[in-house]
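In: With the sequence up front, the predicted model follows.
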Amino acid sequence: MKFQQYVTRTVKTAIFLLVVMVSCLVLQQYVLRNTDHNSLRVEGYYQEPLDSLDVVFIGASDIYTSFMPGRAYEQHGFTSYLLASESITSEGVKTAVKEIVRTQHPGLIVIEANAFLYGDADNETNEAHVHKFFDNLPFSFNKLEYVEKNVPVDQRWEYLFPLIKYHGLWTEYPERFHMMASNLSLDMRGYNYLKGFRTTAEIYKGKTPSLNAKLADEKGELDLNPKLQQQLMDLLDYCKEQKLHVLFVRAPHYVTEETYDRVKRSNKMASIVREYGYSYYACENEAVKIGIDDKRDFYNIDHMNVYGALKFTDYLAEKIIKEEELKIDPLRTGLLSDWDEVVTSTNQLYRYCDDLMTKGDVKGAQEDVLTLVSLGNYSGETIQR
Amino acid sequence: MKFENAKKGVRKFIISESLFIIATILAFGSEIVVLQSGTPDDFESLVMTSLGLFFAAGLMTLIGQIIQLIALNQARKDEKQFKTALKFVVINLIATAVSVLTAGTFSNIFSGISAVAGLLVDVYIILGVYCVAYKLDYKKVQTSGKINMFIVAVLFTFVIFSRLIVIFMPVLSETLDIVSYTLEFIGHLALIIYFFQSKVMFAETTT
Amino acid sequence: MLFNLTYTSLNFLFFVLATMLVYFLFPAKKYKWTVLLAASVFFYIVCGYKFAFYILFTTLSTYLIALWIERVADKSKKLLKEKKKEWDRDQKKNYKNRIKVQKRLIMALALVINFGILAFLKYYNFFAGSLNDVLGSFGVAFSAPTLKLVLPLGISFYTFQSMGYIVDVYREKTAAQRNPFKLLLFVSFFPQIIQGPISIYDQLAHQLFEPHEFSFTRMKHGMELILWGFFKKLVIADRAAVLITAVEKDYAQYNGTALTFTILLYALQLYADFSGGIDISRGVAQIFGIDMIDNFKRPYFSRSINEYWRRWHISLGGWLKNYLFYPIAMSNVFINAGKKMKNTRFGKTAAGAHVAKVLPTSIASLIVFLVVGVWHGADWKYVAFGLWNGVIIMLSILLQPLFDGVVDKLHIKRTNPFFIGFQIFRTLIVVLVGYVFDVAPSFGEGMRTLTGFFTNQNIPQAFEQLSKIPLIAHDYAVIGLGGVVILIASLIQERHQDTDIRHMLDKKSFATRFALLYIGVMSVVIFGIYGSGYNAADFVYMQF
């Protein structure tokens, strides 16, 4: 019977191809993937229900180690997410803004300035930094646009199908197993406990003294890298065109002579941004005002630990409420319990890190199964300052 | 050759298809409700209505699938294609359950498996009836079987296609769902006509 | 390359898919071959547009000269027919000889021009360098200039293939092709342009020009062959190439043990790379309904070096046999030499009679393998490689009665498995010695390696040396497992020589076929060497 043969052959071939495709998808999504905290953070963003976020933060590690969405929700009632990635490029920032426009409609978008403050444009072509963000974006026109504009032809397949680049990671199991489990559990759970926050339990003991005390009076400016400045202008034009409520921020750092130029570039960037009519919170210059203790609140020269993050979160969240006239949408009933869990997890994380730092242990703490299991030993009550 | 089991199976297929048609109409209605732009006060009631319709559609589908399972279990005694269809019904049910109980990409993957399995159930039921018609040398049902297979192929292609489009344009999700339900409705109608023709075939050839 | 169209790239798979769609949906059945031509031209332009001139020149010269030869032949036949009653036997014989010489000269023109181009591009710098070395050793100041020459894509393969066609037209085995575009398709057919197989015109041409309808079974078999080729190339060959390349770069640093291991791995790598590429070529061609000659028949199971060269690069061996070996062995010079020897005192002995009988074939074999060696590359080490094989074959022919005598005296059954095992092992050793010259950077290093096998063995030192190469335990495990898979498949195919392993697979249950193919695909996806971060080795024979 020819027709029967024709149908069964077609079906068997189709099933085979589909099984192979699904296997490759599963491998790409969970197994042979360079899963790290960036993956969990970026993917977690896309699991947020539509129109459930009041604020979305974009930036690099400066922001995802210094702002605690759980704390902000607990103290001020607004929901937020850290759509940030390690050393994100300026192109990454632009794409992130476009993704937010595509997927959420938050009342405010906060952009941490780091991507525009480099002295040169080398970060833009740093493959690792680009991949850390773009590998974790789902398919979209924005992603395709980025790939078409910035990626050499012979590497494009890898950006669209990261399995091509990472299929060799099978040699790194079982070390990678816990991150794979974290990825799977995030997907199964459907929401992110810490909304992208990550930290390291460590107190930085810098040999060079911090210059934070003199930053409040620093008005000096240094020109931005021309390419990065152009990127900034394009971003500002886009925000104007889309009529977005955008705020720029510079998080506190342990500033030394070596990194002082960044402060001046931040001042320059503030001028440019304000010319466009947007706000720029130079919190780095206000470290003293915020109450940041250079001897206690950093885990390295670029990032605050939980002590510093708590102070910064309280400061910034209050400033946003007061100065940006943030409209807080009431949460849908189904999401209230999720956010209560976020608050609890954030407080537990603070106590966990506090405990580690008190003992002198140094450890990273993020949204992975190992950390989340450890949090169960700590109280989720509000942290009192 | 009498094909009594296949005959009884086809009768049950008619019932299950009828339930699937009702489910499709209810799901269609649920999407239409979602697309209604109401005031924020209306939002909650619209969502409840939509959910209610969707739940009813789900229930109809579940009952339909159970009847389909019983029908296939009976019909497979006369034709082995029904046995294959039965396997795919089981896969469909398991995949649907996993998809509902999980979230994110994991859920999407199983939702896709469920959709494919559902279509393959139709393919093998059509093929099973076709094979019986071939053995009974009943040309009308054979031709109808080919037409139905073509409709299923179109549906299949559209489902795959729309799942890809929705990745890039999630705003089209509801519209694509509506088109999908419309095509499904046509598909179910065609199937029901096919089963009625088969019923006539059994009546004419096995008396 | 304009963009990447190597056989193991995703682009190539899409290219094949697009060509398939156009070919099978092409409405004008009579002109379906034009789709293959367009695809082949496109492929060549993308992969090597800078050198398109060479392949076009070869095609045009082949086309015109073949027609010329045929015209001379036709004219002579016509004249002979006219003068049938008029001329006597001697006149006819003289005329035929004149025509033969004329045809031969025209054929020689094609061979000289096209092989000349190949020889110049491939060997000029080698000869110039060697000449400079020789002159330098005599203190002569003159030095021949070396030129920056790049080989056009597939030049060795398409030159041999088109010259084979010319010889076939000369021998009147095949009619000259009147359509230049059809000839271009024969010369440039994209699945075989990079590394063969070298096809005979009669075998391939009609398949190219006949329209083929889509066949599910052919497509399935073609895809299975492509998958097998991908597995061998990406999982095994490219992985092993990491070690081979590293050793080749710093050859002098490695001791005898390390080099022994490298040569063994090279045997696997070379086979997997070359046969993998051929499988991909054949699989693609099969999808279009075209059967190309299988270039490999489990060569490491050979019981003699003669048999090895009948199982390895079969199309090259076949070409050389048809167009070089037979003309030499059956030439008057060699036949007369054999006859002369037979009439000597030595020739009247049993051994002498044998030698006289096989002298033409043995010398012809030596010459053929000298050409094989030179074909592999422009270096003295390849000459050594060719000579090594040629000498072994020559000696095996000459000493055959002696070997047979020893076997008979020892009452060894030729079908005894241990004896067969011994023969296979012995052949493998001979082959591996030849491979030493492939891997070694020079003839001198090759000789050092051979002596090192006996004098420079140190396992712990070898471990330390090889541990610096970026291959980890997982990689060796994959290579090992992959080798076992190839061995099992080869054993099965060797046992069932009358049927293809794919036909055997067809008879298995759907579940078995599904599982095997699924494992095959996922093995390539997971263990394949592709993507950035890996430098997928070009096909070894692509350099030809």
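Out: Arrived safely, thanks for sending.
In: what residues does the stretch 201-350 of chain C put near chain A?
Out: Within the stretch 201-350 of chain C, the positions adjacent to chain A are residue C:216 by CB under 8 Å from any CB of the partner chain. Bear in mind the C-beta positions are built from the backbone N, C-alpha and C, glycine included.
In: number of nearby residues for the closest residue to chain B within the stretch 201-350 of chain C?
Out: Residue of the stretch 201-350 of chain C nearest chain B, by CB to the nearest CB: residue C:216 (16.2 Å). A count of nearby residues for residue C:216, using other CB atoms under 10 Å in any protein chain shown, gives 12.
In: Surely it is in contact with residue A:9?
Out: Yes - counting by CB atoms under 8 Å, residue C:216 sits close enough to residue A:9 to count as a contact (5.6 Å).
In: and the helix or strand hosting residue A:280, how far from the chain's centre?
Out: Applying DSSP states H and E as the criterion places residue A:280 in strand A:279-281. Its chain's average C-alpha position is 19 Å from that of strand A:279-281, according to CA atoms, centre = their mean, to the nearest Å.
In: now what about that strand, what contacts it?
Out: A:113, A:247-250, A:269-270, A:273-274, A:316, A:319, A:323-324 (CB atoms under 8 Å, 6 or more residues apart in numbering or on different chains).
In: Tally up the residues packed near residue C:451, please.
Out: Neighbour count of residue C:451, defined by other CB under 10 Å: 10.
In: Three-state assignment for it, please.
Out: Assigned state for residue C:451: helix (three-state reduction, DSSP: H, G, I helix; E, B strand; the rest coil).
In: Roughly how far does residue A:340 sit from chain C?
Out: 42 Å (CB to the nearest CB, to the nearest Å).
In: How about the strand or helix carrying that residue, which residues are buried there?
Out: Residue A:340 belongs to helix A:333-359 when assigned by DSSP H and E. Going by neighbour count (16 or more other CB atoms under 10 Å in any protein chain shown), the buried part of helix A:333-359 is A:338-339, A:342-354, A:356-357.
In: so what's residue 119 up against?
Out: Reading this off chain A. Contacts of residue A:119 (CB under 8 Å, 6+ apart): A:225, A:261, A:265.
In: should've been chain B
Out: Contacts of residue B:119 by CB under 8 Å, 6+ apart are B:152, B:155, B:156, B:159.
In: Go through these and name the one nearest chain C.
Out: Comparing the contacts of residue B:119 against chain C with CB to the nearest CB places residue B:156 closest, at 18.6 Å.
In: Any figure for the gap between the residue nearest to the closest one when sequence neighbours are not counted and residue C:424?
Out: If the residues on either side of it in the chain are set aside, residue B:156 comes closest to residue B:119, at 5.0 Å by CB to CB, 6 or more residues apart in numbering or on different chains. Taking CB to CB, to the nearest Å as the measure, residue B:119 and residue C:424 are separated by 53 Å.
In: Equivalent analysis for residue A:289, please.
Out: The spacing between residue A:289 and residue C:424, counted by CB to CB, is 84 Å.
In: between those two, who's got more neighbours?
Out: residue C:424 (17 against 11).
In: so that one makes contact with residue C:303?
Out: Yes - with contact defined as CB under 8 Å, residue C:424 counts as touching residue C:303 (5.9 Å).
In: Please name the residues that touch residue A:190.
Out: Residue A:190 neighbours (CB under 8 Å, 6+ apart): A:47, B:102, B:103, B:104.
In: Would you confirm that the last one contacts residue A:183?
Out: No - between residue B:104 and residue A:183 there is no contact under CB under 8 Å: 9.7 Å.
In: follow-up on the earlier one: the strand holding residue A:280: which residues count as buried?
Out: A:279, A:280, A:281.
In: Quickly list the domain ranges of chain C.
Out: Chain C breaks down into these structural domains: C:10-214, C:216-296+C:460-511, C:302-439 (assignment by automatic domain parsing).
In: Spell out the secondary structure type for residue 119.
Out: Let's take chain A. Assigned with three-state DSSP, residue A:119 falls in the coil class.
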